[in-house]
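# coordinates only, sequence not included:
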């Protein structure tokens, strides 16, 4: 009897990737000017640019 690899390990043929909803509002982003995007990014405390001190630590 020949055993197929899927029979040995059913996870190989299963899709185990977690699907997450798209959290981005691309229409809103596309409607913003480059300057508005820059202001929005600069005001986000979690998205601050890397400083030279951060690079050297």
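That came through fine. It should be emphasised that the depicted structure is a prediction, and the values quoted were computed from it without experimental measurement.
# excluding its backbone neighbours, what's nearest residue 32?
Beyond its immediate neighbours in the sequence, the residue positioned closest to residue 32 (C-beta to C-beta, 6 or more residues apart in numbering) is residue 40, lying 7.1 Å away. Heads up, the C-betas are built off the backbone N, CA and C, glycines and all.
# the one you found and residue 49, how far apart?
14 Å (C-beta to C-beta, to the nearest Å).
# comparing these two, which residue is more hemmed in?
More neighbours surround residue 40 than the other of residue 40 and residue 49, with 12 against 7 (other C-beta atoms under 10 Å).
# give me the mean pLDDT for the host helix or strand of the more buried one.
According to DSSP states H and E, residue 40 maps onto helix 34-42. In this model, helix 34-42 carries a mean pLDDT of 94.
# what residues does the next helix or strand after it touch?
Toward the C-terminus, helix 34-42 is succeeded by helix 52-56 as the next helix or strand (DSSP H and E). By C-beta atoms under 8 Å, 6 or more residues apart in numbering, no residue outside helix 52-56 reaches it.
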